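Asks: Fold the following and give me the result.
(one chain, ligands or ions: 1)
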Amino acid sequence: MTSKANFISNAFVPPASGVYLDDIAPATGECIAKIPRSNAADVDHAVAAARKASASWARTTVAERADLCDAVASRIAARADELAQLESLDTGKPVKLAATLDIPRAVANFRFFAGAARHTSTAAHEMDGALNYTLRRPLGVVALITPWNLPLYLLSWKAAPALVMGNAVVAKPSELTPLTASVLAEIFKEVGAPAGVFNLVHGFGAEAGQALIEHRDVAAVSFTGGTATGARVAHAAAPLFKKLSLELGGKNATLIFADCDFDAAVEGAARAAFLNQGQICLCGSRILIDRSIYDRFVEALVVRVRAMRVGDPRSPETTLGALVSAAHRDKVEGYLTLAKSEGGTILCGGKRPSLAPPFDRGAFLEPTIIAGLSTKSRTATQEIFGPVATVHPFEGETEALEIANGVRYGLSASLWTRDLSRAHRVAAALETGTVWVNTWLLRDLRVPFGGVKDSGVGREGGVHSLEFFSESKNVCVKV
Ligand code: NAP
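Replies: Model prediction:
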């Protein structure tokens, strides 16, 4: 079994404590690696290395930094098969999904932000007798804290814009899914990144993560994770006046109108609910259906979902792999018990599948659809973050919007209709950061990404990421 190390100043170093955590493969329950349980001393070491590197890194040209990101993208692409296998092993997701979504998007993130930085411009404001122009300057050392559901994809989404804007990075991935971040560290070394520009500290969020966000020399924190953790991060970072980007949880609605393309909407709703075992912040876990087609739609949805194959993540036939851990499956199953006590009826799924060894010890759960719940019930309003969706009828746009907007989250929604005017009207009225019309998870890396209400603060993506990872300075010249 391999032991992983922290990556500081281009060297792989053991944790100061000498203590290691088990990295468990959720599909089999096997321990696949030992990872450092880092503490404040490791964080200090990494931040000092980043701080030392940041001054000279900030003086490099945009072209040099963009070239580094392009080189990283090429190496990720070259190691794509290995990375897809590791991502699947660590998260339990199907290899096919990692190979077609996670890893290609990590490549795309590094390539995109290299190009975006090369083509970015800043503003000038002329006034009578003077000219103002805006400079964008790096922040120094930035902390990147990422969750377990899309490990390399979300780390690359933050690391690429941070680096290309001239910052040095200290990353803390989820301790549940550390493996691809370690390969990314190897890749930075392989492509000749200057020492200290990219640093990686493994360990628990409450220890290494907390020490990182509280560190005086960390200028900004980009955090993606749960809403409750986001509140803790904000609480620690705000009094230190750190720049903060929070991408948090969701309880996203899929709105099905009677005039939709029926088959496309069934397929879209099923995919939105269960891709990555329902563990994507954007998953459509509340499916709201026009009452006039409710019975027919739910019947077709259940048929579609029953056809999904749960099991061996290595098999190309598998639709759903394991959940990220046995503890997380317990939490999701807790919601199934709650749903029954709240009056819900499980239409399909709700059980652990029976699988042959070694997957009989894995954290698998069948994709589950629940009907009959109040739209205000806890099951229908709290983020479950697993393969569980609830279905609810509505009558008319007003009620659909009331239900969709009636939760404390506001990350995304998708709506399915052939009526163009309705699509624009409903999209404008939904209280979310993203709305998809007749599609889901279609991403253009230039567009603003983030949530409203309890789903987050700030936007990342395109110029928003470049702006977050830099400080603007106005220069006023008397002419
Ligand atoms: P989480 O428990 O909030 O953890 C996220 C990250 O924060 C992990 O690296 C975690 O480390 C770390 N962390 C935990 N406590 C911390 C603390 N006190 N200080 C600093 N860092 C700390 O979230 P998760 O369970 O990994 O991920 C699932 C959640 O992420 C869901 O709510 C999902 O909706 C959300 N998410 C949001 C987006 C988005 O773009 N809006 C995207 C993906 C996921 P450990 O794991 O080591 O504790």
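
Asks: how near is residue 370 to residue 398?
Replies: According to CB to CB, to the nearest Å, residue 370 stands 25 Å off from residue 398. The way it works is simple: take the backbone N, C-alpha and C, and place the C-beta from them, glycine included.

Asks: next one: residue 433
Replies: In this view, residue 433 and residue 398 are 22 Å apart by CB to CB.

Asks: More neighbours: these two, which one.
Replies: Neighbour tally, residue 433 and residue 398, criterion other CB atoms under 10 Å: the higher count belongs to residue 433, 23 against 10.

Asks: any idea how far that one lies from the ligand?
Replies: Distance of residue 433 to the ligand, given as CB to the nearest ligand atom, to the nearest Å: 9 Å.

Asks: tell me the contacts of that residue?
Replies: Applying CB atoms under 8 Å, 6 or more residues apart in numbering to residue 433 gives the contacts 410-412, 448-452, 455-456, 459.

Asks: now, which of those sits nearest residue 77?
Replies: Using CB to CB, residue 449 comes nearest to residue 77 of the contacts of residue 433, at 23.0 Å.

Asks: what's the distance between the closest one and residue 434?
Replies: The span separating residue 449 from residue 434 equals 7 Å under the rule CB to CB.

Asks: Check residue 109 too.
Replies: 17 Å.

Asks: One more: residue 312?
Replies: In this structure, residue 312 and residue 434 are 33 Å apart, going by CB to CB.

Asks: Those two: who's more crowded?
Replies: When residue 312 is set against residue 434 and neighbours are counted by other CB under 10 Å, the residue ahead is residue 434, at 24 against 21.

Asks: how does the protein divide into domains?
Replies: With automatic domain parsing serving as the domain definition, the record reports that the chain contains domains spanning 2-248+455-478, 253-444.

Asks: how about JSON lines for the ones you listed, with mean pLDDT added?
Replies: As requested, the domains of the chain are arranged in JSON lines below (pLDDT from 0 to 100):
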{"stretch": "domain 2-248+455-478", "mean pLDDT": "98"}
{"stretch": "domain 253-444", "mean pLDDT": "98"}
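
Asks: how about the residues of the stretch 51-200 of the chain that lie near the ligand?
Replies: Among all residues of the stretch 51-200 of the chain, those adjacent to the ligand (criterion: CB under 6 Å from any ligand atom) are 145-149, 172-176.

Asks: Need the three-state assignment for the residue nearest to residue 383 when sequence neighbours are not counted.
Replies: Take residue 383 and drop its neighbours on the chain: the residue closest to it by CB to CB, 6 or more residues apart in numbering is residue 249, 4.4 Å away. Reducing the assignment at residue 249 to three states with DSSP: H, G, I helix; E, B strand; the rest coil gives coil.

Asks: Let me know the pLDDT of residue 249.
Replies: Predicted confidence (pLDDT) for residue 249: 98.

Asks: ok, now residue 1?
Replies: 77.

Asks: Contacts only, for it.
Replies: If a contact means CB under 8 Å, 6+ apart, then residue 1 has 31-34 as its contacts.

Asks: Check residue 443 too.
Replies: Taking CB under 8 Å, 6+ apart as the contact definition, residue 443 lies against 105, 449.

Asks: returning to that earlier point: how about the contacts made by the residue nearest to residue 383?
Replies: 226-227, 281, 383, 385, 409, 411, 454-455.

Asks: any idea which of those is the one closest to residue 317?
Replies: Closest approach between those and residue 317, by CB to CB: residue 385, at 24.9 Å.

Asks: For residue 373, see how far away the nearest residue to the closest one once chain neighbours are set aside is.
Replies: Excluding the flanking residues, the one nearest residue 385 by CB to CB, 6+ apart is residue 279, at 5.6 Å. As judged by CB to CB, residue 279 and residue 373 stand 21 Å apart.

Asks: thought residue 266 was touching residue 302?
Replies: No. If you go by CB atoms under 8 Å, residue 266 and residue 302 don't touch, sitting 9.9 Å apart.

Asks: Whichever residue of the chain sits closest to the ligand - how many residues pack around it?
Replies: Of all residues in the chain, the one sitting closest to the ligand is residue 205 (2.1 Å; CB to the nearest ligand atom). When neighbours are defined as other CB under 10 Å, residue 205 has 21 of them.

Asks: what helix or strand does residue 285 sit in?
Replies: Using DSSP states H and E, residue 285 sits within strand 284-290.

Asks: Okay, now the sheet partners of that strand, with direction.
Replies: Sheet neighbours of strand 284-290, with direction, are listed as strand 252-256 (parallel), strand 388-394 (parallel) (DSSP bridges).

Asks: How are the strands of the stretch 101-250 of the chain distributed by residue range?
Replies: Using DSSP state E, counting those that start in this stretch, the strands assigned to the stretch 101-250 of the chain run over residues 124-127, 130-138, 141-145, 168-172, 198-200, 220-224, 243-247.

Asks: Any idea which of those gets closest to residue 51?
Replies: When the strands of the stretch 101-250 of the chain are compared (using CB to CB), the closest one is strand 141-145, at 5.4 Å.

Asks: Thanks a lot, see you next time.
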